[in-house]
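[1] task: produce atomic coordinates for the following.
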Amino acid sequence: MKYQRKPAVVEAFRFDADAEIMAPEWFMKEVDRENIFIDRCVRDGAIHVYGCTVYAKPGKMKAKIGDYIILEPSGEIRICKEKEFRKEYERVQGDGA
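    Modelled structure (predicted):
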């Protein structure tokens, strides 16, 4: 899905437990490059996703379920809490994703 921030348009998605299935291609490429790690734990004998760790220029960032992962036009990846994301971004009209 695409979202717009004044004035830039960014790629973003809401991180959840199904990220490995529903994440956009650019996110999974960064997982393959080991710039992003999906954080998991074993609970009651099952593996659960609880967040992800992003290694970027500013350093190591942690996202929790519900946070937004943003790909800036510069190629930089950052994390944004849902409340902040909803204040700063609006969905781009005509985005079919």
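[2] what about the helices in this protein?
    Counting by DSSP state H, one finds helices in the chain at the ranges 19-22, 25-32, 82-88.
[3] now those in CSV, with mean pLDDT?
    Formatted as CSV, these follow (pLDDT from 0 to 100):
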stretch, mean pLDDT
helix 19-22, 89
helix 25-32, 95
helix 82-88, 91
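[4] okay, the ones you listed in JSON lines with mean neighbour count and distance to M1 next?
    Yep, even glycine has a C-beta here, placed from its N, CA and C like the rest. Shown next, in JSON lines, are the helices of the chain (neighbours: other CB atoms under 10 Å; distance: least, CB to CB, whole Å):
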{"stretch": "helix 19-22", "mean neighbour count": "14", "distance to M1": "11"}
{"stretch": "helix 25-32", "mean neighbour count": "14", "distance to M1": "12"}
{"stretch": "helix 82-88", "mean neighbour count": "13", "distance to M1": "12"}
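[5] closest to H48 out of those helices?
    Of all these, helix 19-22 sits nearest to H48, with 12.1 Å by CB to CB.
[6] name the helices or strands packed onto the closest one?
    Secondary-structure packing of helix 19-22 (3 or more CB pairs under 8 Å, 6 or more residues apart in numbering; DSSP states H and E): helix 25-32, strand 46-56.
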